[in-house]
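Chemist: build me a model from this:
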Amino acid sequence: MKKVFAVLIFTGLFLMSGNAIAQGTVKLGHINSSAVFAAMPESDSAQKTLERERESMRKTLEELQVELNKKYEDYLKLTQDKTTSQLILQTKEEEMNTLQQRMQNFQQSAEQTLSTRGTELFKPIQDKAIKAVTDVAAENGFTYIFDTAGGAVVYTSPDSQDILPLVKTKLGLK
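Modeler: Numbering: from 1, shown residues only. Next up is the predicted model:
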């Protein structure tokens with residue numbers, strides 16, 4: 001009984017694979033998504049915007065660091081003075097600790113903000129590129145499109161067509 005069942009399964013799989021082959025060939029394509037993004041002028045604009053915002057946050061962090069350094073220098077001078085009370089030193093230490101905590105909070109918030117902003121800026125560009133790839137694949141009868149940018153594709157068949165020129169044309173890029 002087990003042999004009959006195994007033969008039926010094997011026969012069914014064989015017939016299904018033959019049916020898939022009879023329906024048409026698999027058409028493969030590949031694209032380097034990094035090259036698409038690099039060719040899109042919107043990418044440069046988004047990158048420049050993100051860099052300006054990163055630079056602004058870096059400057060603010062530098063200003064906070066300068067302020068902390070000044071407070072530390074003042075604190076060191078007070079420690080040299082024998083007449084400085086312990087209460088004043090303790091207050092200065094608390095000020096430095098508070099400022100240092102503010103700097104850490106600002107840095108964490110800045111990183112989160114830049115990450116979110118990067119997603120906001122690049123999502124429409126990514127969506128536009130994906131739509132172009134999808135349209136090109138549909139228009140040209142591709143079964144699969146592989147992205148070679150991520151390094152996941154180890155081998156590209158000679159039967160696989162690079163659709164980068166088609167996508168660039170679809171996007172109106174040179």
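
Chemist: tell me the SS of Ile125?
Modeler: Under DSSP: H, G, I helix; E, B strand; the rest coil, Ile125 falls in the helix class.

Chemist: do Leu61 as well
Modeler: Applying three-state DSSP: Leu61 is helix.

Chemist: what residues of the helix or strand encompassing Ala38 count as buried?
Modeler: In the assignment (DSSP states H and E), Ala38 maps to helix 33-39. Neighbour-count burial for helix 33-39, counted by 16 or more other Cβ atoms under 10 Å, picks out 33, 36-37, 39. From N, CA and C alone the C-beta is placed, and that goes for glycine too.

Chemist: with stretch 88-106 instead?
Modeler: Neighbour counts over stretch 88-106 (16+ other Cβ under 10 Å) mark 92, 96, 99, 103 as buried.

Chemist: can you redo those as a markdown table with pLDDT?
Modeler: As requested, these are exported to a markdown table (pLDDT from 0 to 100):
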| residue | pLDDT |
| --- | --- |
| Lys92 | 93 |
| Met96 | 95 |
| Leu99 | 96 |
| Met103 | 96 |
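
Chemist: which member of those is positioned nearest Glu55?
Modeler: Met103 (17.3 Å; Cβ to Cβ).

Chemist: for the closest residue to Leu164 other than its chain neighbours, name its beta-bridge partners.
Modeler: Spatial nearest neighbour of Leu164, chain neighbours left out: Ile31 (5.2 Å); criterion: Cβ to Cβ, 6 or more residues apart in numbering. Beta-bridge partners recorded for Ile31 (DSSP bridges): Asp147.

Chemist: thought Lys174 was touching Lys168?
Modeler: Yes. Using Cβ atoms under 8 Å as the test, Lys174 is close enough to Lys168 to be in contact (7.0 Å).

Chemist: now the common contact residues for the two.
Modeler: Ala39 (Cβ atoms under 8 Å, 6 or more residues apart in numbering).

Chemist: between these two, which one's more packed in?
Modeler: Lys168 (18 against 5; other Cβ atoms under 10 Å).

Chemist: what ranges do the strands span in the chain?
Modeler: Taking DSSP state E, the strands of the chain run over residues 28-31, 144-147, 161-162.

Chemist: ok, which of the ones you listed comes nearest Arg54?
Modeler: Among those, strand 144-147 comes nearest to Arg54, with 27.0 Å by Cβ to Cβ.

Chemist: make CSV out of the strands of the chain and add mean neighbour count and mean pLDDT.
Modeler: What follows is the strands of the chain, written out as CSV (neighbours: other Cβ atoms under 10 Å; pLDDT from 0 to 100):
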stretch, mean neighbour count, mean pLDDT
strand 28-31, 21, 86
strand 144-147, 16, 84
strand 161-162, 16, 78
